[in-house]
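> Structure for the following, please:
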Amino acid sequence: MLTISAIKADVGSIGGHTRPSQAMLETARQRLEAAREAQVITDFDLTFTGDDICLLMIHRHGNGASVIHNLAWEIFTAAAEVARRQGLYGAGQDLLSDAFSGNVRGLGPGVAEIEFEERKSDPVIVFAADKTEPGAWNL
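Got it, this is the predicted structure:
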């Protein structure tokens, strides 16, 4: 089984609610690359929407896997520390706890995960939004 986890959080931004700094994104990218090299995840993409960093991680651990949620928590914490050092707006604002308890749900970050049988071609689209509600995707 293959799992796609999209986890996003606002952990600091340039000039109000605009975008994460390049240093924050580079910190996140380095940690995701290290996780891929350690075979914790099979692949990833790093994006942002507004001031939220979005970690798109492909792995084989299943939905709600502590190892994946812990990875996301550590990445967001590291990016928030970069934001604090840079004096950015809202550093760490979506990290609503000082300690990780195994799952980021309820701690501030937004989470969407899906587990499915891998096939030769399964295109996936992830819609990430900031400052909106799920109803924004209703037709």
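> and the nearest residue to residue 47 once chain neighbours are set aside, bridged to which residues?
The shortest distance from residue 47 to any non-neighbouring residue, by CB to CB, 6 or more residues apart in numbering, is to residue 54 (4.7 Å). Placement of C-beta: from N, CA and C, glycine included. Counting by DSSP bridges, residue 54 is bridged to residue 8, residue 47.
> Verify the contact between residue 54 and residue 48 for me.
Yes - Residue 54 lies in contact with residue 48 (CB atoms under 8 Å); the separation is 6.1 Å.
> How much space separates the residue nearest to residue 47 from residue 5?
The spacing between residue 54 and residue 5, counted by CB to CB, to the nearest Å, is 11 Å.
> same deal with residue 118?
Taken as CB to CB, the spacing of residue 118 relative to residue 5 amounts to 15 Å.
> the more surrounded of the two?
Using other CB atoms under 10 Å, the more surrounded residue of residue 118 and residue 5 is residue 5, with 26 against 10.
> Surely that one is within a helix?
No - counting by DSSP: H, G, I helix; E, B strand; the rest coil, residue 5 is not found in a helix; it is strand.
> Residue 70 is in contact with that one, correct?
No - if you go by CB under 8 Å, residue 5 and residue 70 don't touch, sitting 11.8 Å apart.
> and stretch 113-121, how far from the chain's centre?
20 Å (CA atoms, centre = their mean, to the nearest Å).
> what about that stretch, start to end distance?
Stretch 113-121 has an end-to-end distance of 19 Å (criterion: CA to CA, to the nearest Å).
> Would you mark the buried spots in it?
Judged by neighbour count using 16 or more other CB atoms under 10 Å, the buried positions of stretch 113-121 are 113, 115.
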